[in-house]
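Undergrad: quick one: sequence plus predicted model below, questions after.
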Amino acid sequence: MMIGQERRKVERKVVTILKILKGSQEPVGARVIAQRLKDYGVELGERAVRYHLKIMDERGLTEPVGRDGRLITQAGVDELKSALVGDKVGFVISKIELLAFRTTFDWERRTGQVPINISLFQRKKFGEALRAMKGPFKAGLSVSELVAVASEGERLGEVIVPRGKVGFATVCSIIVNGALLKAGIPADSRFGGILQIRNHRPLRFVELIEYSGSSLDPSEIFITSRMTSVGEAARKGQGKILANFREMPAPCRPLAETVISNLKNAGFGGLVMMGETSELVCEIPVGLNKVGMILLGGLNPVAAAVEAGIEAENVAMCGFLDYSDLVSFWQL
């Protein structure tokens, strides 16, 4: 039993080192890795990091560059995707909570960190993708009209844009969680799903994935599976869009409405509807003395581009951008 636990601890350290290497285009040395490990709550000295790197070299997960640098290999990338899947159950809800806590946007000063999603498009297809996204942005099916664009080699949130690609950042609905949290309102993120729209109004959820039991972001799954019709919803007011479901204590509703109104004035919307105390919201049961709330998915415009046949690699909830780095979609 103890041997199994020790092995698991070692694997966690290896996976964390791989995450650090994957986030860098340049070779990274043991000293820098040891420093960055602290951000993940891992205390490992420079000497111990070198020991792990040597083993990872032997496994083909990393390759030495120069005197002390390392780069992640394709085998390392594959290992990072597959390792410790048991630890990833509930990963999404943990990430939502962490990002909400780290959101620092101040709607009065228009400053601070804003949570984002990242989408990667082929450079030659990006203009076509922008045209496909115009409808959802115009119809208000995005959390915000504020976006960011990065070229190959540039960093966008936690992602370095690969060669031949363009990075496109959209605002994540977690900005609402972060604002509510700063106001002392506990919002429970329960589901990500597909919301059916009829006559420009929300009708019901037709698909749901519970955050606490998932290792993948529901929006990424739904987009990849081509389960949305965001473009049609934007054009005709009927279709299936990405949305998520939050729950909060009923006494918090008046303050929550104020917070959401202030966010909207600052350019961040996303609220589809807020229910009444303990009442169903789009056929979703709500807890006793709780209020249900539906928010738009931040990746709705990107889903419309994928529906139009434009490939996109999506990474939801992928770090932060400073508010000053965002621009209006209509300026692109």
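TA: On my side now, so go ahead.
Undergrad: in the stretch 201-332 of the chain, which spans are strands?
TA: Using DSSP state E, counting those that start in this stretch, the strands found in the stretch 201-332 of the chain span residues 201-210, 239-249, 271-274, 290-296, 312-315, 320-322, 327-328.
Undergrad: out of these, flag the one nearest residue 71.
TA: For residue 71, the closest of the strands of the stretch 201-332 of the chain is strand 312-315, at 20.4 Å, according to C-beta to C-beta. Placement of C-beta: from N, CA and C, glycine included.
Undergrad: export that closest one to PDB, keeping only CA atoms.
TA: The C-alpha trace of strand 312-315 is given here as PDB (Å, rounded to 0.1, in the frame of the first residue of the first chain):
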ATOM      1  CA  ALA A 312     -10.800  24.700 -33.900                       C
ATOM      2  CA  GLU A 313      -8.800  23.300 -30.900                       C
ATOM      3  CA  ASN A 314     -10.500  24.600 -27.800                       C
ATOM      4  CA  VAL A 315      -9.100  24.900 -24.200                       C
END
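Undergrad: per the record, what domains does this protein have?
TA: With domains defined by automatic domain parsing, the chain comprises 2-87, 89-332.
Undergrad: could you tell me the least trusted of those?
TA: Lowest mean pLDDT of the domains of the chain: domain 2-87, a mean of 81.
Undergrad: picking up where we left off before, ok, which of the strands of the stretch 201-332 of the chain comes nearest residue 282?
TA: strand 201-210 (5.0 Å).
Undergrad: what lies in contact with that closest one?
TA: Contact partners of strand 201-210, identified using C-beta atoms under 8 Å, 6 or more residues apart in numbering, comprise 190-197, 218, 221-222, 227, 240, 243, 245, 272-273, 282-284, 294.
Undergrad: related to what we said a few turns ago, can you redo the strands of the stretch 201-332 of the chain as JSON lines with mean neighbour count?
TA: Converted to JSON lines, those look like this (neighbours: other C-beta atoms under 10 Å):
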{"stretch": "strand 201-210", "mean neighbour count": "16"}
{"stretch": "strand 239-249", "mean neighbour count": "24"}
{"stretch": "strand 271-274", "mean neighbour count": "18"}
{"stretch": "strand 290-296", "mean neighbour count": "24"}
{"stretch": "strand 312-315", "mean neighbour count": "19"}
{"stretch": "strand 320-322", "mean neighbour count": "19"}
{"stretch": "strand 327-328", "mean neighbour count": "12"}
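Undergrad: using a markdown table, lay out those strands together with distance to residue 36.
TA: Converted to a markdown table, those look like this (distance: least, C-beta to C-beta, whole Å):
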| stretch | distance to residue 36 |
| --- | --- |
| strand 201-210 | 31 |
| strand 239-249 | 31 |
| strand 271-274 | 37 |
| strand 290-296 | 32 |
| strand 312-315 | 19 |
| strand 320-322 | 17 |
| strand 327-328 | 30 |
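Undergrad: and of these, who's closest to residue 169?
TA: Of these, nearest to residue 169 by C-beta to C-beta is strand 320-322, at 6.1 Å.
Undergrad: could you check how far residue 99 is from residue 127?
TA: According to C-beta to C-beta, to the nearest Å, residue 99 and residue 127 sit 31 Å apart.
Undergrad: same check, this time on residue 53
TA: In terms of C-beta to C-beta, residue 53 sits 42 Å off from residue 127.
Undergrad: out of these two, which sits in the busier spot?
TA: Neighbours per residue, other C-beta atoms under 10 Å: of residue 53 and residue 127, the larger number sits with residue 53, 23 against 12.
Undergrad: in three-state terms, label that one for me.
TA: helix (DSSP: H, G, I helix; E, B strand; the rest coil).
Undergrad: quick one on the thing from earlier: can you check which of the strands of the stretch 201-332 of the chain gets nearest to residue 74?
TA: Among the strands of the stretch 201-332 of the chain, strand 312-315 comes nearest to residue 74, with 16.0 Å by C-beta to C-beta.
Undergrad: how distant is the closest one from the center of its chain?
TA: Here strand 312-315 is found 10 Å from its chain centre; the criterion is C-alpha atoms, centre = their mean, to the nearest Å.
Undergrad: tell me the strands beside it, with direction?
TA: Here strand 312-315 has these sheet partners by DSSP bridges: strand 113-122 (antiparallel).
Undergrad: which of the residues in the partner strand are buried?
TA: Buried residues in strand 113-122, defined by neighbour count with 16 or more other C-beta atoms under 10 Å: 113-121.
Undergrad: could you check the angle strand 113-122 makes with whatever helix or strand comes next after it?
TA: Heading C-terminal from strand 113-122, the first helix or strand you meet, by DSSP states H and E, is helix 126-138. For helix 126-138 against strand 113-122, the angle by axes from the mean of the first three to the mean of the last three C-alpha atoms, to 10 degrees is 140 degrees.
Undergrad: after helix 126-138, which helix or strand is next? Please name it.
TA: strand 146-150.
Undergrad: what is the neighbour count of the nearest residue to residue 155 once chain neighbours are set aside?
TA: Leaving aside its chain neighbours, residue 155 sits nearest to residue 161 (7.6 Å; criterion: C-beta to C-beta, 6 or more residues apart in numbering). For residue 161, the neighbour count with other C-beta under 10 Å is 22.
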